[in-house]
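Enquirer: Predicted coordinates and the sequence they were generated for:
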Amino acid sequence: MSKFRQRFKEIVNISRDVDWAIASESIRKNIYFRGPNVWILAAAVIIASIGLNINSIPMIVGAMLISPLMGPIMGFGLGLGVNDTALLKESLKHLGIMVLVSILASTLYYLVTPLELDNPTEMLARTRPTIYDVLVALFGGFAGILETCRKEKGTVISGVAIATTLIPPLCAIGYGIVTLNPLYIVGPFYLFFINIVFIALATFLMVKYLKFPLVKVSDSTKHKKVSGTIVAFTLILIIPSIISAIMVIKENQFRQNARKFVSDNKNFNKSYIYDHEVKHEKMSSTLSIYVAGEPLESSDKELLYRSAESCGIERGQLTIIENPFTRDELTESDMLKTFFERSDREIKQREELLAQLQEELNALRDKELPVAQIAKELLTQYPDLTGFSISRGSEVTLKDLKESERIFVLVKWLEPVDDEVVTKLQKWLCVRLETENITVIQDKQ
């Protein structure tokens, strides 16, 4: 075990592969936001805004690779770790400029773009941060600072830029400003804030772990208060993301339960569910089902409520909406939808039945005995053979009433033959039919 522990420590040890001096210099150089960086960031924001506008993931990923936002965030974490107040101020100043430029660029884009968000799934994904976003930002920050400290550079920073969500939330804020929709302002801003805080926190922790040289502090008491405030602020920041994650999990589970309920009760007596709608409001979710056909009796509704409860949906969460029209009065689209859904189910059931029948048929064919062929082969060996019959049957052991399959063969010659001939015939049949369960009986009459 001691050798194993020693070997494990050698594998996970990072101190020999990092250079804090180079890392510190690199981070300090990249916090400044001026000249080409301004235009590069603006271009990245426009590309990300277009990607959110048309739900194009490649565009969003490309924009995240282009953006130079990581520099001041890691500079902020480094400043905290080494007690460098000047670096902290510079990092925050340039990060603020970056945020303002990003929001301004996205706002201008959404002011002039002729496109509308018909299905803004990528945009909506940035409006509800969860604890998972916290974890991604934290571990992405760890990977980023380790890559910066490593002597041999790789492509980790690019991966961190993609994994952590920095540019898209700022673009969503611009859209929220143009549409005056607080949903696209508060949520994305919180998501962006989570990312910068936990990337900076990861940088801070790794700087402490790698023992970067500290900058001398004139007032140690003030520094301790600042550190305590940062810890408390970080904990407070995590709580809403945990609540949001719990809500997302519950909503996803409710949608699954709703799909199962609708599928199980699609056709109900002489009525049927032709559409359904799931809504999530605050901490509660509801399911509305639209029923057509003959009016439902109170007993029918009770059965639906019980079925919903078995699927994890409470009675108060289910609303049954009956339409006064019959099947003949449905719209063409509703009729086609129902027809195809029913046809798909019937086709699936028939395919399953055909597969089952095919298996049974194959099993019966495997048990077929080639009687005519075996008779021809026997006649070439036993010309005096006058009678031959073969059939499958069962043999029961009377001692334990155990049943086993056996093939019975009845043969007849012009003149009765010795038992040796019968035994020889039985052995040949065992080889021919590839089974030992054969009994040959000679008809001596």
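Expert: It's in. Residues are numbered from 1 along each chain as shown.

Enquirer: count of neighbours near Thr286?
Expert: 17 (other C-beta atoms under 10 Å). In short, each C-beta sits where N, CA and C put it, glycine included.

Enquirer: Quickly find the element holding it.
Expert: Element membership for Thr286, per DSSP states H and E: strand 284-293.

Enquirer: so what strands line up beside that strand?
Expert: Sheet partners assigned to strand 284-293 using DSSP bridges are listed as strand 271-281 (antiparallel), strand 318-322 (parallel).

Enquirer: Run through who's touching the first one.
Expert: When you say that, I think you mean strand 271-281. Identification of contacts with strand 271-281 by C-beta atoms under 8 Å, 6 or more residues apart in numbering yields 251, 254-255, 258, 262, 265-266, 285-296, 300, 322, 330, 334, 337-338.

Enquirer: related to what we said a few turns ago, output the strand holding Thr286 as PDB, nothing but the C-alphas.
Expert: Written as PDB, here are the backbone C-alpha positions of strand 284-293 (Å, rounded to 0.1, in the frame of the first residue of the first chain):
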ATOM      1  CA  SER A 284     -46.200  24.000  -9.700                       C
ATOM      2  CA  SER A 285     -46.800  22.100 -13.000                       C
ATOM      3  CA  THR A 286     -50.200  21.400 -14.600                       C
ATOM      4  CA  LEU A 287     -51.400  19.100 -17.400                       C
ATOM      5  CA  SER A 288     -54.400  19.900 -19.600                       C
ATOM      6  CA  ILE A 289     -55.800  17.100 -21.800                       C
ATOM      7  CA  TYR A 290     -58.200  17.800 -24.600                       C
ATOM      8  CA  VAL A 291     -60.800  15.000 -25.100                       C
ATOM      9  CA  ALA A 292     -63.100  14.400 -28.100                       C
ATOM     10  CA  GLY A 293     -65.800  11.900 -28.700                       C
END
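
Enquirer: Mind checking what helix or strand follows that strand in sequence?
Expert: Next in line after strand 284-293, if elements are assigned by DSSP H and E, sits helix 298-310.

Enquirer: Give me the helices and strands touching that following helix, please.
Expert: Helices and strands touching helix 298-310, by 3 or more C-beta pairs under 8 Å, 6 or more residues apart in numbering; DSSP states H and E, are helix 220-264, strand 267-268, strand 318-322.

Enquirer: And the last one, what's buried?
Expert: Neighbour counts over strand 318-322 (16 or more other C-beta atoms under 10 Å) mark 318, 320 as buried.

Enquirer: what's the angle from that strand to helix 298-310?
Expert: 140 degrees (axes from the mean of the first three to the mean of the last three C-alpha atoms, to 10 degrees).

Enquirer: Strand 318-322 - what's its average pLDDT?
Expert: Mean per-residue pLDDT for strand 318-322: 86.

Enquirer: thinking in terms of the whole chain, how far from its middle is that strand?
Expert: 31 Å (C-alpha atoms, centre = their mean, to the nearest Å).

Enquirer: Identify the residues contacting the closest residue to Ile273 other than its chain neighbours.
Expert: Excluding the flanking residues, the one nearest Ile273 by C-beta to C-beta, 6 or more residues apart in numbering is Ile289, at 5.0 Å. Taking C-beta under 8 Å, 6+ apart, we find Ile289 in contact with 262, 273, 275-276, 304, 318-321.

Enquirer: Against Lys376, how distant is Ile289?
Expert: 68 Å (C-beta to C-beta, to the nearest Å).

Enquirer: got it, and Met247?
Expert: In terms of C-beta to C-beta, Met247 sits 78 Å off from Lys376.
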